[in-house]
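Asker: Give me a model of this one.
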Amino acid sequence: MAAVARALETSNVTSIKSLAESPALSSVPSAYAFNINPNDEADPNDPEFAIPIVDMSLLTSGSPDQRTQIVHDLVKICEEWGFFIAINHRVPESLMKGMIEAYHGFFSLPDEEKEEFKSGNDVLEMFKYGTSYNLALDKVLLWRDFFKVRTHPEFHSHYKPASFSEISLEFSKRSREVALEITRAISESLGLEPDYIYNTMNMDRGLQMLAGNYYPPCPQPENAIGIPHHTDPGLVTLVIQNEMNGLQVEHNGKWLTVNGPPNGFFVNLADQMQILTNGKYKSVMHRATVNNKATRISIAIPHGPSIDTIIAPAPELCEREGQAPKYLAMNYKEYMQLVQSGKNYMKLTLDHIRA
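Answerer: Numbering: from 1, shown residues only. All right, here's what the predicted structure looks like:
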(Lines give C-alpha, C1' and ligand atoms only; values in the text may rest on other atoms or scores of the structure.)
Protein backbone atom coordinates (compact mmCIF):
# COMPACT_ATOMS: atom_id res chain seq x y z
CA MET A 1 0.00 0.00 0.00
CA ALA A 2 2.89 2.37 0.80
CA ALA A 3 4.31 1.80 -2.70
CA VAL A 4 0.96 2.71 -4.23
CA ALA A 5 0.78 5.86 -2.11
CA ARG A 6 4.27 6.91 -3.21
CA ALA A 7 3.33 6.37 -6.85
CA LEU A 8 0.26 8.56 -6.41
CA GLU A 9 2.44 11.53 -5.50
CA THR A 10 4.96 11.10 -8.31
CA SER A 11 4.94 10.91 -12.09
CA ASN A 12 5.62 7.15 -11.99
CA VAL A 13 2.03 6.31 -12.86
CA THR A 14 1.84 5.01 -16.43
CA SER A 15 -1.94 4.41 -16.48
CA ILE A 16 -4.58 6.65 -14.97
CA LYS A 17 -6.98 3.71 -15.18
CA SER A 18 -4.81 1.72 -12.75
CA LEU A 19 -4.41 4.71 -10.46
CA ALA A 20 -8.15 5.43 -10.40
CA GLU A 21 -8.91 1.80 -9.52
CA SER A 22 -6.44 1.77 -6.61
CA PRO A 23 -8.06 1.28 -3.17
CA ALA A 24 -5.52 3.78 -1.80
CA LEU A 25 -6.97 6.63 -3.87
CA SER A 26 -9.27 8.95 -1.94
CA SER A 27 -8.21 12.35 -3.27
CA VAL A 28 -6.45 13.82 -6.28
CA PRO A 29 -2.65 13.44 -5.97
CA SER A 30 -0.76 16.72 -6.00
CA ALA A 31 0.84 15.97 -9.37
CA TYR A 32 -2.67 16.04 -10.91
CA ALA A 33 -3.97 19.13 -9.10
CA PHE A 34 -5.76 21.49 -11.48
CA ASN A 35 -8.38 23.99 -10.38
CA ILE A 36 -11.40 24.77 -12.54
CA ASN A 37 -13.23 28.03 -11.84
CA PRO A 38 -16.99 27.33 -11.90
CA ASN A 39 -17.63 31.03 -12.56
CA ASP A 40 -16.07 30.58 -16.00
CA GLU A 41 -18.71 28.07 -17.10
CA ALA A 42 -21.59 29.03 -19.39
CA ASP A 43 -25.27 28.62 -18.66
CA PRO A 44 -26.39 25.95 -21.16
CA ASN A 45 -29.94 27.37 -21.04
CA ASP A 46 -28.79 30.78 -22.25
CA PRO A 47 -29.70 31.19 -25.96
CA GLU A 48 -26.30 32.81 -26.47
CA PHE A 49 -24.75 29.37 -25.91
CA ALA A 50 -27.05 27.31 -28.13
CA ILE A 51 -24.58 25.14 -30.06
CA PRO A 52 -25.06 25.28 -33.86
CA ILE A 53 -26.33 22.11 -35.52
CA VAL A 54 -25.58 21.26 -39.16
CA ASP A 55 -27.80 18.76 -40.95
CA MET A 56 -25.37 16.95 -43.25
CA SER A 57 -28.18 15.41 -45.30
CA LEU A 58 -28.98 18.88 -46.65
CA LEU A 59 -25.40 19.12 -47.93
CA THR A 60 -25.32 15.68 -49.52
CA SER A 61 -28.85 15.04 -50.72
CA GLY A 62 -30.86 18.21 -50.20
CA SER A 63 -32.07 20.62 -52.85
CA PRO A 64 -29.65 23.22 -54.26
CA ASP A 65 -31.39 25.89 -52.16
CA GLN A 66 -31.01 23.81 -49.00
CA ARG A 67 -27.30 23.27 -49.63
CA THR A 68 -26.83 26.97 -50.33
CA GLN A 69 -28.51 27.80 -47.02
CA ILE A 70 -26.25 25.44 -45.04
CA VAL A 71 -23.17 26.85 -46.75
CA HIS A 72 -24.38 30.35 -45.91
CA ASP A 73 -24.97 29.36 -42.27
CA LEU A 74 -21.45 27.95 -42.03
CA VAL A 75 -19.95 31.42 -42.46
CA LYS A 76 -21.35 32.66 -39.15
CA ILE A 77 -20.74 29.31 -37.41
CA CYS A 78 -17.08 29.20 -38.45
CA GLU A 79 -16.46 32.88 -37.66
CA GLU A 80 -18.17 32.99 -34.27
CA TRP A 81 -17.95 29.43 -32.95
CA GLY A 82 -15.47 27.29 -34.87
CA PHE A 83 -17.63 24.42 -33.61
CA PHE A 84 -20.90 22.65 -34.42
CA ILE A 85 -22.71 19.35 -34.12
CA ALA A 86 -23.16 17.38 -37.35
CA ILE A 87 -26.29 15.22 -37.61
CA ASN A 88 -27.70 12.97 -40.37
CA HIS A 89 -24.17 12.23 -41.59
CA ARG A 90 -24.79 8.67 -42.80
CA VAL A 91 -22.33 7.02 -40.39
CA PRO A 92 -24.38 4.32 -38.64
CA GLU A 93 -24.85 4.80 -34.92
CA SER A 94 -24.05 1.11 -34.50
CA LEU A 95 -20.60 1.70 -36.06
CA MET A 96 -19.97 4.69 -33.79
CA LYS A 97 -20.89 2.65 -30.72
CA GLY A 98 -18.82 -0.26 -31.98
CA MET A 99 -15.77 2.00 -32.24
CA ILE A 100 -16.24 3.20 -28.67
CA GLU A 101 -16.61 -0.41 -27.50
CA ALA A 102 -13.44 -1.39 -29.36
CA TYR A 103 -11.52 1.38 -27.59
CA HIS A 104 -13.03 0.27 -24.27
CA GLY A 105 -11.69 -3.18 -25.05
CA PHE A 106 -8.21 -1.79 -25.65
CA PHE A 107 -8.15 0.23 -22.44
CA SER A 108 -9.35 -2.86 -20.54
CA LEU A 109 -6.29 -4.86 -21.62
CA PRO A 110 -3.65 -5.62 -18.94
CA ASP A 111 -1.18 -2.76 -18.53
CA GLU A 112 1.72 -4.81 -19.84
CA GLU A 113 -0.11 -5.43 -23.13
CA LYS A 114 -0.92 -1.75 -23.58
CA GLU A 115 2.68 -0.86 -22.78
CA GLU A 116 3.72 -2.61 -26.01
CA PHE A 117 2.38 0.46 -27.80
CA LYS A 118 4.04 3.05 -25.59
CA SER A 119 6.34 5.26 -27.61
CA GLY A 120 8.24 8.51 -27.77
CA ASN A 121 7.36 11.93 -29.14
CA ASP A 122 7.43 11.23 -32.89
CA VAL A 123 4.27 12.88 -34.26
CA LEU A 124 4.03 10.30 -37.05
CA GLU A 125 4.20 7.06 -35.08
CA MET A 126 1.74 4.38 -36.19
CA PHE A 127 0.53 3.70 -32.64
CA LYS A 128 0.95 5.71 -29.49
CA TYR A 129 -0.26 4.79 -26.01
CA GLY A 130 0.26 6.83 -22.87
CA THR A 131 -1.11 9.25 -20.32
CA SER A 132 -0.74 13.04 -20.07
CA TYR A 133 1.27 14.74 -22.84
CA ASN A 134 4.89 14.58 -21.79
CA LEU A 135 5.58 13.23 -18.31
CA ALA A 136 8.98 14.93 -18.30
CA LEU A 137 7.63 18.39 -19.12
CA ASP A 138 4.03 18.53 -17.89
CA LYS A 139 3.50 20.74 -14.87
CA VAL A 140 0.12 19.07 -14.23
CA LEU A 141 -0.53 15.42 -15.07
CA LEU A 142 -3.75 14.60 -16.90
CA TRP A 143 -6.63 12.42 -15.72
CA ARG A 144 -6.74 10.35 -18.88
CA ASP A 145 -5.10 7.55 -20.82
CA PHE A 146 -4.91 7.73 -24.61
CA PHE A 147 -4.28 5.51 -27.59
CA LYS A 148 -3.65 7.00 -31.03
CA VAL A 149 -3.66 5.13 -34.34
CA ARG A 150 -2.62 6.58 -37.70
CA THR A 151 -5.31 5.70 -40.27
CA HIS A 152 -4.51 7.82 -43.37
CA PRO A 153 -2.83 8.05 -45.86
CA GLU A 154 -1.89 4.51 -44.77
CA PHE A 155 -4.17 2.53 -42.48
CA HIS A 156 -2.26 0.78 -39.72
CA SER A 157 -3.93 -2.36 -38.47
CA HIS A 158 -4.11 -2.96 -34.75
CA TYR A 159 -4.68 -6.49 -33.47
CA LYS A 160 -5.66 -5.93 -29.82
CA PRO A 161 -8.51 -6.43 -29.12
CA ALA A 162 -9.41 -8.70 -32.03
CA SER A 163 -12.26 -6.52 -33.34
CA PHE A 164 -10.30 -3.26 -33.29
CA SER A 165 -8.76 -3.38 -36.76
CA GLU A 166 -11.94 -4.20 -38.70
CA ILE A 167 -14.09 -1.66 -36.89
CA SER A 168 -11.50 1.11 -36.99
CA LEU A 169 -10.94 0.65 -40.74
CA GLU A 170 -14.63 1.05 -41.54
CA PHE A 171 -15.13 3.85 -39.02
CA SER A 172 -12.09 5.75 -40.32
CA LYS A 173 -13.33 5.55 -43.92
CA ARG A 174 -16.86 6.67 -43.06
CA SER A 175 -15.79 9.52 -40.78
CA ARG A 176 -13.31 10.71 -43.41
CA GLU A 177 -16.19 11.03 -45.88
CA VAL A 178 -17.96 13.30 -43.40
CA ALA A 179 -14.85 15.42 -42.84
CA LEU A 180 -14.28 15.85 -46.58
CA GLU A 181 -17.89 16.88 -47.14
CA ILE A 182 -17.47 19.46 -44.38
CA THR A 183 -14.29 20.86 -45.96
CA ARG A 184 -16.07 21.13 -49.32
CA ALA A 185 -18.89 23.12 -47.74
CA ILE A 186 -16.39 25.33 -45.88
CA SER A 187 -14.55 26.00 -49.14
CA GLU A 188 -17.81 27.13 -50.72
CA SER A 189 -18.64 29.28 -47.69
CA LEU A 190 -15.38 31.14 -48.34
CA GLY A 191 -16.40 31.82 -51.94
CA LEU A 192 -13.88 29.28 -53.24
CA GLU A 193 -14.29 26.17 -55.38
CA PRO A 194 -15.64 23.18 -53.41
CA ASP A 195 -12.36 21.25 -53.73
CA TYR A 196 -10.11 24.22 -52.92
CA ILE A 197 -9.19 23.06 -49.39
CA TYR A 198 -8.89 19.42 -50.50
CA ASN A 199 -6.49 20.30 -53.31
CA THR A 200 -4.50 23.05 -51.58
CA MET A 201 -4.01 20.96 -48.44
CA ASN A 202 -3.19 17.78 -50.42
CA MET A 203 -5.88 15.92 -48.51
CA ASP A 204 -5.63 12.93 -50.84
CA ARG A 205 -2.59 12.15 -48.68
CA GLY A 206 -3.80 14.05 -45.64
CA LEU A 207 -2.98 12.89 -42.14
CA GLN A 208 -5.86 11.27 -40.26
CA MET A 209 -5.71 9.77 -36.77
CA LEU A 210 -7.94 7.97 -34.32
CA ALA A 211 -7.27 9.32 -30.85
CA GLY A 212 -9.14 7.49 -28.10
CA ASN A 213 -9.21 8.97 -24.60
CA TYR A 214 -10.16 7.16 -21.39
CA TYR A 215 -11.24 9.30 -18.43
CA PRO A 216 -11.97 7.15 -15.34
CA PRO A 217 -14.02 8.49 -12.42
CA CYS A 218 -12.11 11.02 -10.34
CA PRO A 219 -12.66 11.43 -6.57
CA GLN A 220 -12.38 15.24 -6.87
CA PRO A 221 -13.28 16.19 -10.45
CA GLU A 222 -13.14 19.90 -9.67
CA ASN A 223 -9.43 19.46 -8.83
CA ALA A 224 -8.27 17.59 -11.93
CA ILE A 225 -8.41 17.90 -15.70
CA GLY A 226 -8.74 15.37 -18.52
CA ILE A 227 -7.11 17.58 -21.16
CA PRO A 228 -6.42 21.28 -20.50
CA HIS A 229 -7.42 24.10 -22.83
CA HIS A 230 -5.95 23.75 -26.30
CA THR A 231 -6.66 24.03 -30.00
CA ASP A 232 -6.07 21.21 -32.49
CA PRO A 233 -3.24 21.44 -35.04
CA GLY A 234 -5.06 20.14 -38.15
CA LEU A 235 -7.93 21.37 -40.32
CA VAL A 236 -11.03 19.84 -38.78
CA THR A 237 -11.59 17.33 -35.97
CA LEU A 238 -14.61 15.08 -35.47
CA VAL A 239 -15.37 13.78 -31.97
CA ILE A 240 -17.66 11.09 -30.59
CA GLN A 241 -18.14 9.96 -27.00
CA ASN A 242 -20.00 7.47 -24.86
CA GLU A 243 -22.97 8.57 -22.74
CA MET A 244 -20.82 10.73 -20.43
CA ASN A 245 -20.27 14.42 -21.19
CA GLY A 246 -17.00 16.21 -20.55
CA LEU A 247 -16.02 18.13 -23.68
CA GLN A 248 -16.14 21.89 -23.14
CA VAL A 249 -15.68 24.58 -25.80
CA GLU A 250 -14.86 28.22 -25.20
CA HIS A 251 -17.43 30.68 -26.52
CA ASN A 252 -17.63 34.38 -25.71
CA GLY A 253 -15.22 33.98 -22.79
CA LYS A 254 -17.14 31.14 -21.13
CA TRP A 255 -16.71 27.37 -21.06
CA LEU A 256 -19.72 25.45 -22.37
CA THR A 257 -20.23 21.74 -21.74
CA VAL A 258 -21.22 20.09 -25.02
CA ASN A 259 -24.31 17.91 -24.89
CA GLY A 260 -25.43 16.39 -28.15
CA PRO A 261 -27.31 13.45 -29.67
CA PRO A 262 -25.60 10.04 -29.36
CA ASN A 263 -25.37 9.72 -33.13
CA GLY A 264 -23.91 13.19 -33.71
CA PHE A 265 -20.35 14.22 -34.48
CA PHE A 266 -18.91 17.14 -32.54
CA VAL A 267 -16.96 19.13 -35.14
CA ASN A 268 -14.29 21.67 -34.30
CA LEU A 269 -12.18 23.74 -36.65
CA ALA A 270 -8.45 23.57 -36.04
CA ASP A 271 -5.31 25.67 -36.48
CA GLN A 272 -4.61 25.05 -40.18
CA MET A 273 -8.14 26.22 -41.01
CA GLN A 274 -7.55 29.45 -39.10
CA ILE A 275 -4.22 29.92 -40.89
CA LEU A 276 -5.64 29.13 -44.34
CA THR A 277 -8.51 31.60 -43.85
CA ASN A 278 -6.12 34.25 -42.46
CA GLY A 279 -7.98 34.32 -39.17
CA LYS A 280 -11.48 34.62 -40.68
CA TYR A 281 -12.50 31.20 -39.35
CA LYS A 282 -11.81 30.24 -35.76
CA SER A 283 -9.77 27.36 -34.37
CA VAL A 284 -11.84 26.72 -31.26
CA MET A 285 -10.32 26.42 -27.80
CA HIS A 286 -11.59 23.35 -25.98
CA ARG A 287 -10.82 21.08 -23.02
CA ALA A 288 -11.94 17.81 -21.41
CA THR A 289 -13.25 17.77 -17.84
CA VAL A 290 -13.73 14.70 -15.65
CA ASN A 291 -16.46 13.41 -13.33
CA ASN A 292 -16.82 11.22 -10.23
CA LYS A 293 -19.65 9.03 -11.54
CA ALA A 294 -18.54 6.91 -14.49
CA THR A 295 -15.82 6.45 -17.10
CA ARG A 296 -15.97 8.70 -20.13
CA ILE A 297 -14.52 7.54 -23.44
CA SER A 298 -14.11 9.97 -26.31
CA ILE A 299 -12.63 9.44 -29.75
CA ALA A 300 -11.22 12.38 -31.69
CA ILE A 301 -10.68 11.97 -35.44
CA PRO A 302 -8.38 14.81 -36.53
CA HIS A 303 -8.03 15.46 -40.26
CA GLY A 304 -5.14 17.51 -41.56
CA PRO A 305 -3.10 18.33 -44.65
CA SER A 306 -0.39 16.01 -45.89
CA ILE A 307 2.65 16.19 -43.65
CA ASP A 308 4.78 17.90 -46.33
CA THR A 309 2.22 20.60 -47.19
CA ILE A 310 3.31 24.14 -46.47
CA ILE A 311 0.31 25.98 -45.05
CA ALA A 312 -0.10 29.74 -45.41
CA PRO A 313 -3.06 32.14 -45.68
CA ALA A 314 -4.87 31.64 -48.99
CA PRO A 315 -3.71 34.36 -51.42
CA GLU A 316 -7.21 34.53 -52.96
CA LEU A 317 -8.73 35.43 -49.58
CA CYS A 318 -6.01 37.91 -48.62
CA GLU A 319 -6.37 39.70 -51.96
CA ARG A 320 -10.16 39.81 -51.77
CA GLU A 321 -10.14 41.15 -48.19
CA GLY A 322 -7.27 43.54 -48.86
CA GLN A 323 -5.29 42.00 -46.00
CA ALA A 324 -1.67 41.04 -45.54
CA PRO A 325 -1.03 37.45 -44.36
CA LYS A 326 -1.38 37.24 -40.57
CA TYR A 327 0.53 33.97 -40.27
CA LEU A 328 3.89 32.72 -41.44
CA ALA A 329 4.02 29.75 -43.80
CA MET A 330 5.01 26.47 -42.17
CA ASN A 331 5.28 22.80 -43.09
CA TYR A 332 2.53 20.77 -41.36
CA LYS A 333 4.92 18.23 -39.83
CA GLU A 334 7.01 21.06 -38.36
CA TYR A 335 3.85 22.66 -37.00
CA MET A 336 2.85 19.45 -35.23
CA GLN A 337 6.34 19.18 -33.77
CA LEU A 338 6.00 22.74 -32.51
CA VAL A 339 2.69 21.80 -30.86
CA GLN A 340 4.38 18.97 -28.98
CA SER A 341 7.37 21.02 -27.88
CA GLY A 342 7.67 22.34 -24.34
CA LYS A 343 7.48 25.89 -25.73
CA ASN A 344 3.71 25.60 -26.04
CA TYR A 345 2.65 24.13 -22.72
CA MET A 346 -0.96 25.34 -22.33
CA LYS A 347 -0.29 28.08 -24.90
CA LEU A 348 -1.59 28.77 -28.40
CA THR A 349 0.81 27.45 -31.02
CA LEU A 350 -0.73 29.93 -33.48
CA ASP A 351 0.85 32.77 -31.50
CA HIS A 352 4.32 31.49 -32.51
CA ILE A 353 3.71 31.93 -36.24
CA ARG A 354 1.91 35.25 -36.36
CA ALA A 355 3.40 37.48 -39.04
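
Asker: quick one: contacts of stretch 70-82?
Answerer: By C-beta atoms under 8 Å, 6 or more residues apart in numbering, the surrounding residues in contact with stretch 70-82 are 51-52, 54-55, 58-59, 62, 83-84, 185-186, 188-189, 249, 251, 268-269, 273-274, 277, 280-284. For every residue, glycine as well, the C-beta is placed using N, CA and C.

Asker: where do the helices sit along the stretch 51-200 of the chain?
Answerer: All helices of the stretch 51-200 of the chain, identified by DSSP state H, counting those that start in this stretch, fall at 57-60, 64-80, 93-107, 111-114, 164-189, 196-200.

Asker: lowest-confidence stretch among the ones you listed?
Answerer: Among the helices of the stretch 51-200 of the chain, helix 111-114 carries the lowest mean pLDDT, a mean of 90.

Asker: list the buried ones in that helix?
Answerer: Lys114 (16 or more other C-beta atoms under 10 Å).

Asker: now for it, which elements pack on it?
Answerer: Applying 3 or more C-beta pairs under 8 Å, 6 or more residues apart in numbering; DSSP states H and E, one finds that helix 111-114 makes contact with no other helix or strand.

Asker: Run a quick neighbour tally on the closest residue to Ser172 other than its chain neighbours.
Answerer: Counting by C-beta to C-beta, 6 or more residues apart in numbering, the nearest residue to Ser172 once its immediate chain neighbours are dropped is Thr151, at 4.0 Å. Neighbour count of Thr151, defined by other C-beta atoms under 10 Å: 23.

Asker: Which residues are in contact with Thr151?
Answerer: Counted by C-beta under 8 Å, 6+ apart, Thr151 has contacts Ser168, Leu169, Ser172, Gln208, Met209, Leu210.

Asker: switch to 6 Å and redo it
Answerer: Applying C-beta atoms under 6 Å, 6 or more residues apart in numbering, we find Thr151 in contact with Ser172, Gln208, Leu210.

Asker: so can I have JSON lines of these showing neighbour count and distance to Asn37?
Answerer: Shown next, in JSON lines, are those (neighbours: other C-beta atoms under 10 Å; distance: C-beta to C-beta, whole Å):
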{"residue": "Ser172", "neighbour count": "19", "distance to Asn37": "37"}
{"residue": "Gln208", "neighbour count": "22", "distance to Asn37": "35"}
{"residue": "Leu210", "neighbour count": "24", "distance to Asn37": "32"}
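
Asker: and the residues you listed as CSV, adding distance to Thr231?
Answerer: CSV is the format used below for those (distance: C-beta to C-beta, whole Å):
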residue, distance to Thr231
Ser172, 23
Gln208, 18
Leu210, 19
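
Asker: closest to Asn292 among the residues you listed?
Answerer: Leu210 (27.5 Å; C-beta to C-beta).

Asker: Using the three-state scheme, assign the residue positioned nearest the centre of the chain.
Answerer: The centroid of the chain falls nearest to Ala300 when counting by C-alpha atoms, centre = their mean (4.5 Å). Following DSSP: H, G, I helix; E, B strand; the rest coil, Ala300 is assigned to strand.

Asker: For Thr60, which non-adjacent residue is spatially closest?
Answerer: Nearest non-adjacent residue to Thr60 (C-beta to C-beta, 6+ apart): Glu181, at 6.2 Å.

Asker: any idea how far His303 is from that neighbour?
Answerer: Distance, Glu181 to His303, using C-beta to C-beta, to the nearest Å: 11 Å.

Asker: Kindly report the same for Thr295.
Answerer: Distance from Thr295 to His303, by C-beta to C-beta: 26 Å.

Asker: higher neighbour count, those two?
Answerer: Under the neighbour definition other C-beta under 10 Å, Thr295 and His303 were set side by side, and His303 has more, 26 against 16.

Asker: Chain neighbours aside, what residue packs nearest to that one?
Answerer: His303 sits nearest to Ala179 (C-beta to C-beta, 6+ apart), 4.4 Å away.

Asker: residue boundaries of the strands in the stretch 151-300 of the chain?
Answerer: 208-215, 227-230, 236-241, 247-251, 254-257, 265-269, 286-288, 296-303 (DSSP state E, counting those that start in this stretch).

Asker: Tell me where the model's unsure across the stretch 101-250 of the chain.
Answerer: 120-121, 123, 133-138 (pLDDT under 70).

Asker: about what we covered before: would you mind putting the strands of the stretch 151-300 of the chain into a markdown table with distance to Ser163 alongside?
Answerer: Putting the strands of the stretch 151-300 of the chain into a markdown table (distance: least, C-beta to C-beta, whole Å) gives the following:
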| stretch | distance to Ser163 |
| --- | --- |
| strand 208-215 | 14 |
| strand 227-230 | 26 |
| strand 236-241 | 17 |
| strand 247-251 | 25 |
| strand 254-257 | 31 |
| strand 265-269 | 22 |
| strand 286-288 | 25 |
| strand 296-303 | 15 |
